[in-house]
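Asker: Quick one, structure for this:
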Amino acid sequence: MSEEKTAADAFVERLIEWGVDTIFGLPGDGINGLMDALNKHREQIHYVHTRHEEVAAMAAVGYAKFTGKLGVCFATTGPGSAHMLNGILDARVEQAPILAISGMTYHDLVGTSYLQDINEDYMLNDVTVYNQRIMGPAHVTNVVDYAVRSALTERGPAHLAFPIDFQAAPADSGMRYKRNVPGHTSTSYRPPIRVPENGALQAAADALRGKTKPAILAGAGARGAGDELEQVAEKLGAPVIKAMLGKDCIPDDSPYTTGSIALVGTLPSQEALEQCDALLIVGSSMPYIEWYPQPGQATVVQIDDMPERIGLRAPAEVGLCGDAAATLRALLPMLERNENRSFLQQAQDGMRDWWALMEERGTREDVPMKPQVPAWALNDVLADNAIICGDSGTVTTWVARQVKVRRGMNFSFSGTNCSMAAGLPYAIGAQTAYPDRQVVVFTGDGSLTMQLGDVMTCVQHNLPVKIVVVRNDSLGLIKWEQMVFLGNPEYGVNMTALDFVKFADACGIYGARVEDPKDCLPALRAAMQHPGPAIVEMVVDQNEPPIPAKATTQQIKKLMTALKDGTPNRNRIALQMTKDMLDESSFEASPGSRIPDKVADAASHVVDSALKHTKGS
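Answerer: Numbers count the residues shown, from 1 in each chain. Alright, predicted model coming up:
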């Protein structure tokens with residue numbers, strides 16, 4: 001351990017002055033100067049040793065998303081930095097403030113094809129909001145301050161490449177130019193809270209006046225503005241549709257929300273956007289443009305603290321650039337109360353039927369078990385302040401529809417980047433930040449097997465993360481996208497089964513497998529009560545489709561083409577989908593609602609019998 005103060009010491013001490021108390025990373029010879037500094041300051045900064053650099057960056061994203069503070073990660077030169085790239089991309093797309101630190105080869109050997117000689121700053125330039133190479137010990141404080149400030153202000157990743165020799169160099173060595181005055185930069189920072197001027201607010205209120213079918217679309221930017229959202233929804237008589245990244249902006253049991261939208265969305269959400277005559281967008285740039293009201297259908301008012309995002313997805317008549325909560329508070333007294341509550345009532349009636357349908361799907365006793373069952377059972381074991389980390393795949397549909405986020409809970413996933421395998425790293429970041437809260441990962445076997453090594457990060461750091469893995473031995477979402485969007489038979493999506501219980505046992509943690517729906521809730525309860533990390537493997541039916549709230553004629557035609565052209569298990573898939581429709585015929589929210597109950601009941605018995613005799617044909 002170096003006794004002389006090094007440039008890396010100055011770097012770490014500046015992070016501490018910025019309030020950084022946690023850092024995620026994986027050591028290497030190209031970052032060992034920073035490791036020495038972290039060792040010296042281990043009482044002030046908690047180092048979480050991940051097994052993969054991508055996980056380090058993703059954990060920093062999870063930390064930032066759930067705390068609102070700066071997430072920090074590091075990796076060694078060359079391949080370490082390249083591994084970190086996807087997590088940095090996730091921070092950029094998901095608007096998470098992180099600082100990524102990479103090693104770099106010796107400053108006077110850069111560009112000479114030396115060992116791991118990669119220009120990390122060039123490589124990461126397109127995925128960062130701030131990106132610099134440290135040019136010497138006297139440069140450290142200046143760029144650290146600017147990098148942190150940029151990450152926090154622009155809600156994205158900043159990156160600093162730190163040459164090996166500079167890390168270990170004395171902090172006061174090297175040339176300091178006279179204009180680089182010591183102490184000229186500081187760690188003083190207060191995030192701006194913008195509120196539009198009164199004229200703009202009044203224009204928005206005027207645009208919404210007299211509308212009888214207003215709706216609200218809320219996204220990640222509305223998180224923390226739940227009270228204000230519900231107050232505006234009450235005054236306007238407007239249902240609140242939630243983009244998935246805004247799932248926790250108001251609770252799922254709020255009388256104002258219709259839940260999620262797009263392919264994972266609810267029928268009442270889709271109908272609200274199809275029928276509304278006004279749309280207030282709050283902190284959302286939900287990318288699925290086809291689900292927005294048709295141009296000319298509705299008056300659009302949009303609130304966003306990034307002016308360049310106003311009008312990005314829908315033609316906004318009035319744009320309000322400002323913080324969601326502050327802007328809604330300022331707008332509320334200007335809004336005229338909508339006395340016609342029929343549109344909101346229609347949405348509420350629709351949600352009652354929708355939740356009944358979700359309960360029906362979530363409590364089925366079929367074997368193989370339906371993937372909706374573990375998601376629904378999760379509601380009974382989640383703590384009131386639980387943090388839920390989702391993942392990409394068909395699991396997104398199940399967590400969107402079946403899992404009810406209550407007031408006080410938090411939820412996030414890689415929603416716009418849609419990276420696989422973000423669930424476990426996010427949970428590592430969240431559990432590190434909140435050691436006393438319940439943190440649950442709801443993931444698929446495709447995602448979890450990509451990051452299995454970092455289960456040992458949970459073990460090493462005593463992080464009691466609970467992992468619920470839906471195992472269907474398939475990349476389920478890709479399978480259904482191949483069939484429904486392209487009309488192609490599924491190909492290249494099946495996976496060799498992994499015994500997650502044996503893996504858990506090898507890690508020395510709690511593991512359980514569930515194949516029968518009746519065992520689902522007891523297994524989840526046991527896992528949640530276990531004091532350490534746990535994995536619950538849910539073996540589910542890989543032929544259960546993530547049916548959209550409204551399937552289009554084109555989607556049905558594509559699926560039929562895919563089945564006809566040779567999709568494996570095509571007979572079973574067709575029979576299972578038919579049975580699902582028949583069994584749900586009594587629910588208005590189901591596509592099967594058009595089938596008369598008597599016909600459905602009789603036909604269901606026939607299909608059920610056929611299913612029992614169908615084996616993969």
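Asker: Please put the alpha-carbon coordinates of stretch 445-453 into PDB.
Answerer: These are the backbone C-alpha positions of stretch 445-453, laid out as PDB (Å, rounded to 0.1, in the frame of the first residue of the first chain):
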ATOM      1  CA  ASP A 445     -33.700 -18.500 -17.500                       C
ATOM      2  CA  GLY A 446     -32.300 -16.900 -20.600                       C
ATOM      3  CA  SER A 447     -31.300 -13.700 -18.800                       C
ATOM      4  CA  LEU A 448     -30.200 -15.300 -15.500                       C
ATOM      5  CA  THR A 449     -27.900 -17.800 -17.200                       C
ATOM      6  CA  MET A 450     -26.000 -14.900 -18.700                       C
ATOM      7  CA  GLN A 451     -25.000 -13.500 -15.300                       C
ATOM      8  CA  LEU A 452     -25.000 -16.500 -13.000                       C
ATOM      9  CA  GLY A 453     -21.500 -15.800 -11.800                       C
END
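Asker: tell me the mean pLDDT for that stretch?
Answerer: Taken as a whole, stretch 445-453 has an average pLDDT of 95.
Asker: Can you list the buried residues in that stretch?
Answerer: If you call a residue buried by 16 or more other C-beta atoms under 10 Å, then stretch 445-453 has these buried ones: Asp445, Gly446, Ser447, Leu448, Thr449, Met450, Gln451, Leu452. Every C-beta, even on glycine, is put in place using the N, C-alpha and C of the backbone.
Asker: who's in contact with Pro255?
Answerer: Counting by C-beta atoms under 8 Å, 6 or more residues apart in numbering, Pro255 touches Gln348.
Asker: how about the helices in the stretch 51-200 of the chain?
Answerer: Applying DSSP state H, counting those that start in this stretch to the stretch 51-200 of the chain gives helices spanning 53-67, 79-94, 120-123, 140-154, 164-168, 198-208.
Asker: out of those, deepest packed?
Answerer: By mean neighbour count, with neighbours taken as mean count of other C-beta atoms under 10 Å, helix 53-67 ranks first of these at a mean of 31.
Asker: coming back round to it: what's the closest of the buried residues of stretch 445-453 to Ala316?
Answerer: Ser447 (35.4 Å; C-beta to C-beta).
Asker: do you know how far the closest one is from Gly265?
Answerer: For Ser447, the distance to Gly265 equals 21 Å [C-beta to C-beta, to the nearest Å].
Asker: do Met104 as well
Answerer: Distance from Met104 to Gly265, by C-beta to C-beta: 45 Å.
Asker: between those two, which one's more packed in?
Answerer: Counted by other C-beta atoms under 10 Å, Met104 and Gly265 do not tie: Met104 has more neighbours, with 29 against 25.
Asker: quick one: contacts for that one?
Answerer: Counting by C-beta under 8 Å, 6+ apart, Met104 touches Gly30, Thr77, Val110, Glu120, Asp121, Arg133, Ala161, Phe162, Pro163, Ile164.
Asker: Equivalent analysis for Met306, please.
Answerer: Residues in contact with Met306 (C-beta under 8 Å, 6+ apart) are Cys321.
Asker: which residues of the stretch 251-400 of the chain score low on pLDDT?
Answerer: Judged against pLDDT under 70, the stretch 251-400 of the chain has no low-scoring part.
Asker: What ranges does it have for its helices?
Answerer: For the stretch 251-400 of the chain, the helices defined by DSSP H, counting those that start in this stretch cover 267-275, 324-331, 342-362, 372-378, 394-402.
Asker: Can you give me the buried ones in the first one?
Answerer: For helix 267-275, burial by neighbour count (16+ other C-beta under 10 Å) applies to Leu267, Pro268, Ser269, Gln270, Glu271, Ala272, Leu273.
Asker: Among those, which one sits closest to Arg513?
Answerer: Of all the buried residues of helix 267-275, Arg513 sits closest to Leu267, with 33.6 Å by C-beta to C-beta.
Asker: of the buried residues of helix 267-275, closest to Val484?
Answerer: Among those, and counting by C-beta to C-beta, the member closest to Val484 is Gln270, at 16.7 Å.
Asker: Skip the chain neighbours and tell me the closest residue to the closest one.
Answerer: On the basis of C-beta to C-beta, 6 or more residues apart in numbering, the spatially nearest residue to Gln270 that is not a chain neighbour turns out to be Ala549, at 5.0 Å.
Asker: ok, now which ones touch the one you found?
Answerer: Residues near Ala549 by C-beta under 8 Å, 6+ apart: Gly265, Thr266, Leu267, Ser269, Gln270, Ala589.
Asker: doesn't Pro163 make contact with Val110?
Answerer: Yes: the criterion here is C-beta atoms under 8 Å, and Val110 meets it with Pro163 at 7.3 Å.
Asker: and these two? which has more neighbours close in?
Answerer: Between Val110 and Pro163, counted using other C-beta under 10 Å, Pro163 has the larger neighbour count: 24 against 15.
Asker: bridging residues for the more buried one?
Answerer: Under DSSP bridges, the beta-bridge partners of Pro163 are Met104.
Asker: Tell me the predicted confidence for it.
Answerer: Predicted confidence (pLDDT) for Pro163: 96.
Asker: so how far is Asp90 from it?
Answerer: Here the criterion is C-beta to C-beta. By it, Pro163 lies 26 Å from Asp90.
Asker: Show the low-confidence segments of the stretch 1-150 of the chain, by residue range.
Answerer: Where the stretch 1-150 of the chain drops to pLDDT under 70, the residues are 1-2.
Asker: Tell me the confidence at Ser593?
Answerer: 62.
Asker: could you dump the helices of the stretch 51-200 of the chain to TSV with distance to Leu236?
Answerer: Listed next are the helices of the stretch 51-200 of the chain as TSV, based on distance: least, C-beta to C-beta, whole Å:
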stretch	distance to Leu236
helix 53-67	29
helix 79-94	29
helix 120-123	48
helix 140-154	32
helix 164-168	56
helix 198-208	7
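Asker: can you tell me which of those comes nearest to Gly415?
Answerer: Nearest of these to Gly415, taken as C-beta to C-beta: helix 79-94 at 6.8 Å.
Asker: wait, doesn't Ile16 sit right on Ile45?
Answerer: Yes: Ile16 lies in contact with Ile45 (C-beta under 8 Å); the separation is 6.4 Å.
Asker: Looking at those two, which has the bigger crowd around it?
Answerer: Ranked by neighbour count (other C-beta under 10 Å), Ile16 and Ile45 place Ile45 first, with 18 against 13.
Asker: who touches the nearest residue to the more buried one once chain neighbours are set aside in this structure?
Answerer: Setting aside the residues directly before and after it, Ile45 is nearest to Ile23 in space (C-beta to C-beta, 6+ apart), at 5.6 Å. For Ile23, the contact set (C-beta under 8 Å, 6+ apart) comprises Leu15, Leu38, Ile45, His46, Tyr47, Val48, Val72, Cys73, Phe74.
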